[in-house]
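Q: Sequence first, then the predicted structure:
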Amino acid sequence: MQITIELPDDIANQLQLQPQLQPANFSRRISELIAADNYRQGRIGAASVRLLLNFSSRWETYEFLKREKALLTLHLEQDVQAIGNLLATK
């Protein structure tokens with residue numbers, strides 16, 4: 001899916017002056033913000049974040065969520081419980 005964002009010209013010009021916000025990086029950053037916000041609100045899980053941002057591992061995903069201050073204790077507790085359930089079945 002492709003989404004277009006309209007910005008006032010003066011703001012767009014300011015953003016273009018920042019090397020880290022060139023078009024490809026800008027698009028990536030918007031995707032990161034969408035993923036972190038939706039994870040924070042419980043709309044998507046870590047696996048969806050990983051898929052959306054094309055991370056190579058769960059740990060890379062968790063590092064991203066930690067950096068974005070989106071790694072909620074609730075999710076960690078659910079993950080620990082799921083791991084405990086898996087280990088209990090062996």
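A: Sure, I can see it.
Q: Low-confidence ranges, this structure, go.
A: 17-24, 72-76, 90 (pLDDT under 70).
Q: Kindly recompute the last result at 80.
A: Residue ranges of the chain with pLDDT under 80: 12-25, 71-82, 89-90.
Q: And the helices in it?
A: With DSSP state H as the criterion, the chain has helices at 9-16, 23-40, 46-53, 58-67, 73-88.
Q: now stretch 68-88, how far from the centre of its chain.
A: With Cα atoms, centre = their mean, to the nearest Å as the basis, stretch 68-88 stands 17 Å off its chain's centre.
Q: Contacts made by that stretch with the rest, please.
A: Outside of stretch 68-88, the residues within contact range by Cβ atoms under 8 Å, 6 or more residues apart in numbering are 32, 36-37, 39-40, 42, 45-46, 62, 65. (C-beta placed from N, C-alpha, C; glycine too.)
Q: re the thing from before, out of the helices of the chain, flag the one nearest residue 3.
A: Nearest to residue 3, of all the helices of the chain, is helix 23-40, at 8.1 Å by Cβ to Cβ.
Q: just to revisit the earlier point, just the buried ones from the contacts of stretch 68-88?
A: Neighbour-count burial (16 or more other Cβ atoms under 10 Å) is assigned, among these, to 32, 36, 39-40, 46, 62, 65.
Q: Including distance to residue 2, could the helices of the chain go into TSV?
A: Output for these, formatted as TSV (distance: least, Cβ to Cβ, whole Å):
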stretch	distance to residue 2
helix 9-16	18
helix 23-40	10
helix 46-53	14
helix 58-67	23
helix 73-88	29
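Q: still on that earlier bit, can you name the two of the contacts of stretch 68-88 that sit furthest apart?
A: Taking Cβ to Cβ, no two of those sit farther apart than 32 and 42, at 17.7 Å.
Q: on that earlier part again, would you mind finding the most buried of the helices of the chain?
A: Among these, ranked by average contacts under mean count of other Cβ atoms under 10 Å, first place goes to helix 46-53 (a mean of 17).
Q: how far out from the middle of the chain is that one?
A: Counting by Cα atoms, centre = their mean, helix 46-53 comes out at 7 Å from the chain centroid.
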